[in-house]
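In: Structure of the sequence below:
(chains A and B)
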Amino acid sequence: MSELTLTVMRLGFLAVLWLFVIVAVQVIRSDLFGTRVTQRAARRPAAAPGSAQGARQQQGARPPQQQQQPRRENRQRRGAPTQLVVVQGSLAGTTVALQGQTITLGRAHDSTIVLDDDYASSRHARIYPDQGGQWVVEDLGSTNGTYLDRQRLTAPTPLQPGTPIRIGRTVIELRK
Amino acid sequence: MSSFGLTNRTTNTTTITPQGAPNRRNTELVMLAFAVVIPMFAYANVGLAMDGSLPGGMLGYGLGMGGLALVAHLTMRRFAPYADPLMLPIATLLNGMGLVMIWRLDKAGPLLDSNYPAAANQLMWSGLGIGLFLGVLVLLKDHRILQRYTYISMMVALVLLAAPAFFPERKEDFGAKIWIHVGSFSLQPGEFAKIILTVFFAGYLMVKRDALALASRRFMGLYLPRGRDLGPIIVVWVISILILVFETDLGSSLLFFGLFVVMLYVATERTSWIVFGLLMSAAGAVFVASFESHVQTRVNAWLDPMAAFSPHPPDGATEQIGQSLFAFGSGGVMGTGLGEGRSWLIKFAAKSDFILGSFGEELGLAGIMAIFLLYGLLVQRGLRTAVAARDPFGKLLAVGLSSAFAIQVFVVAGGVTGLIPLTGMTMPFMAQGGSSVVANWALVAVLLKISDTARRPAPEPAPNPDAEATQIVRT
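Out: Predicted coordinates:
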């Protein structure tokens, strides 16, 4: 065998060995399965409040601008709250944009706001707009209760911006 | 930790859903083909360099190895469809490279001391290893079954570890009583004890982790565990010291003690256990080294590997480490090329403990780094499996098995390169040694089984009754 052939084979072998390592690292890279982001056009008409299928991970992420077009007239009136803010508790600083959807609160993982709070029930409360566009808070039979400004909720109650809702150690309020 | 589910009534909806690991069997097949081709390339390279022609049995060996790999792959498709795609190819590649190197050292012929053809034997053991690999994949339905055998596996492991002490020692054992000889057949039970002991550690720590982590006294800034929780650790410590004393097997005791410290730390998340474990192993090593001449020789050889080459070598000086360092040195960055080195200059255990020296010489720094990376990737996939595993037993078992593998690689590579005192252990998959190859294939099979369970996509969640529309009557 000529010296040249052997040198080429020697370097070629090292190259192939490293190629295997690099391909293996690429496989690992493609194997990092986190979350999948899918954009889809919602074909169904305005669904009844309460169905929470989408899961948005970015805290307080605002939807794109075209999504800000509310369908219903009553949501366009001035002074309507636009976001829900967690004021106190472990999630303090979190905001959720209000778009006429129901917001569920609780320790259950499919809640809109997953409360990491020892005093919260798994399905603790929900906040939803009624027919008139007025936001309503309702306690879902929680163990420790939902307090609207010191008052324990017993029935669905209309919610004014700036009024604190207290669930365990977490305080939430609507903001304009 | 929070997640937000927003249902938009508007035109566009962005959905971010957790994405399960896809079934990666096709990736595995491609990598596996790659992993079979590389040793064939090496085989051809050795043949061309040493004989000037392609080795005769190349097609046969290639087909045989490819066939074995294919059978393993098809079994994976059937019995562990979601398992990690990289472990099998990496193990195959390492095993294949080891086979080629052993064959190459066989060809060195009488130049190498006490040389005898070992490649065929090693090939048979690799076949047996893959057989056991398949057996574990098929028969072990769920790794959690192993949890039931926590204390049985402790007993089995102790028996396996103690067994060699009761068998007659042979001349070719090089001072370490770690073999069982039955006729012409020899077995190194410590390799299997490694896996079985990990099962015990995982099962024991899963039950005791809270007691170990929480019920402790604070003493001088360290959390000391209670006596009754400490018991098993003392037992393991004593056992590893006893192995050291009676079987003079530094490697295994290092492996078992390191393994236990790693698993304790993972189970309890207490740094004090690491401190405690290191102190205890250091104390044990110093204690044994103070009267065991075998260990002293190893330490002296590590401190001054070139002493044996001096005109007046001190007593018991060994040139083993020096020879392997020379091999690495003559390899340089790119190596001499497969089949072109002077590997026979490594006089002792060139095909087993010191096989890395031959790789270092013929593939150079570039090749040896690639090999270390392959070992690292295999360990990484094992630890990744532990992260992904849902059950605590699976987590601990995966951590234990991958760290046992990692510690073994570290102890061998560190010994051969002069980083730590040399201990008699085999490089997993590469070195000659039947038990080692078979046991490591079994280890990879258990890891793959855990990985399959961990990466299996969760079943679809049941429809949520609360998600239905509720009508509110306002009063």
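
In: remind me which residues of chain A are low pLDDT?
Out: The model of chain A has pLDDT under 70 over residues A:1, A:33-79, A:93.

In: those helices in it, which residues are they?
Out: For chain A, helices defined by DSSP state H occupy the ranges A:3-30.

In: Residue of the stretch 201-350 of chain B nearest chain A, please.
Out: Relative to chain A, the nearest point of the stretch 201-350 of chain B is B:Gly337 (3.6 Å; C-beta to the nearest C-beta). Backbone N, C-alpha and C define where each C-beta goes, glycine included.

In: residue contacts, that residue?
Out: Taking C-beta atoms under 8 Å, 6 or more residues apart in numbering or on different chains, we find B:Gly337 in contact with A:6-7, A:9-10, B:45, B:49, B:362.

In: now, which of those sits nearest B:His73?
Out: The closest of the contacts of B:Gly337 to B:His73 turns out to be B:Asn45 (C-beta to C-beta; 25.4 Å).

In: Wait, a helix at that closest one?
Out: Yes - under DSSP: H, G, I helix; E, B strand; the rest coil, B:Asn45 falls within a helix.

In: what about it, how many residues close to it?
Out: B:Asn45 has 26 neighbouring residues, counting by other C-beta atoms under 10 Å in any protein chain shown.

In: what residues are up against it?
Out: So B:Asn45 contacts A:6, A:9-10, A:13, B:337-339 (C-beta under 8 Å, 6+ apart).

In: nearest spatial neighbour of it, skipping sequence neighbours?
Out: In this structure, B:Asn45 finds its nearest non-sequential neighbour in B:Leu338, 4.4 Å apart by C-beta to C-beta, 6 or more residues apart in numbering or on different chains.

In: my guess is the one you found contacts A:Thr7, does it?
Out: No - shown here, B:Leu338 and A:Thr7 do not form a contact pair, counting by C-beta atoms under 8 Å, at 11.9 Å.

In: Those two: which is more packed in?
Out: B:Leu338 (29 against 13).

In: Setting aside sequence neighbours, what's the nearest residue to B:Thr150?
Out: Counting by C-beta to C-beta, 6+ apart, the residue nearest B:Thr150 is B:Gly203, at 3.1 Å.

In: Tell me how many other residues crowd the one you found.
Out: By the criterion of other C-beta under 10 Å, B:Gly203 has 23 neighbours.

In: in what helix or strand does B:Met31 lie?
Out: Applying DSSP states H and E as the criterion places B:Met31 in helix B:25-50.

In: what angle separates that helix from helix A:3-30?
Out: Helix B:25-50 runs at 160 degrees relative to helix A:3-30, counting by axes from the mean of the first three to the mean of the last three C-alpha atoms, to 10 degrees.

In: what's the following helix or strand after helix B:25-50?
Out: Counting by DSSP H and E, the next helix or strand C-terminal to helix B:25-50 is helix B:58-79.

In: In PDB, list the C-alpha atoms belonging to that following helix.
Out: Only the C-alpha atoms of helix B:58-79 are listed here, as PDB (Å, rounded to 0.1, in the frame of the first residue of the first chain):
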ATOM      1  CA  MET B  58     -14.200  -8.800   5.800                       C
ATOM      2  CA  LEU B  59     -17.500  -9.400   4.100                       C
ATOM      3  CA  GLY B  60     -18.400 -12.200   6.500                       C
ATOM      4  CA  TYR B  61     -17.600 -10.200   9.600                       C
ATOM      5  CA  GLY B  62     -19.300  -7.100   8.200                       C
ATOM      6  CA  LEU B  63     -22.400  -9.100   7.400                       C
ATOM      7  CA  GLY B  64     -22.300 -10.800  10.800                       C
ATOM      8  CA  MET B  65     -22.000  -7.600  12.800                       C
ATOM      9  CA  GLY B  66     -24.600  -5.900  10.600                       C
ATOM     10  CA  GLY B  67     -26.900  -8.900  11.100                       C
ATOM     11  CA  LEU B  68     -26.500  -8.800  14.900                       C
ATOM     12  CA  ALA B  69     -27.100  -5.000  14.900                       C
ATOM     13  CA  LEU B  70     -30.100  -5.500  12.700                       C
ATOM     14  CA  VAL B  71     -31.600  -8.100  15.000                       C
ATOM     15  CA  ALA B  72     -31.000  -5.800  18.000                       C
ATOM     16  CA  HIS B  73     -32.700  -3.000  16.100                       C
ATOM     17  CA  LEU B  74     -35.700  -5.000  15.100                       C
ATOM     18  CA  THR B  75     -36.100  -6.200  18.700                       C
ATOM     19  CA  MET B  76     -36.000  -2.600  19.800                       C
ATOM     20  CA  ARG B  77     -38.700  -1.800  17.300                       C
ATOM     21  CA  ARG B  78     -40.900  -4.500  18.800                       C
ATOM     22  CA  PHE B  79     -40.100  -4.300  22.500                       C
END
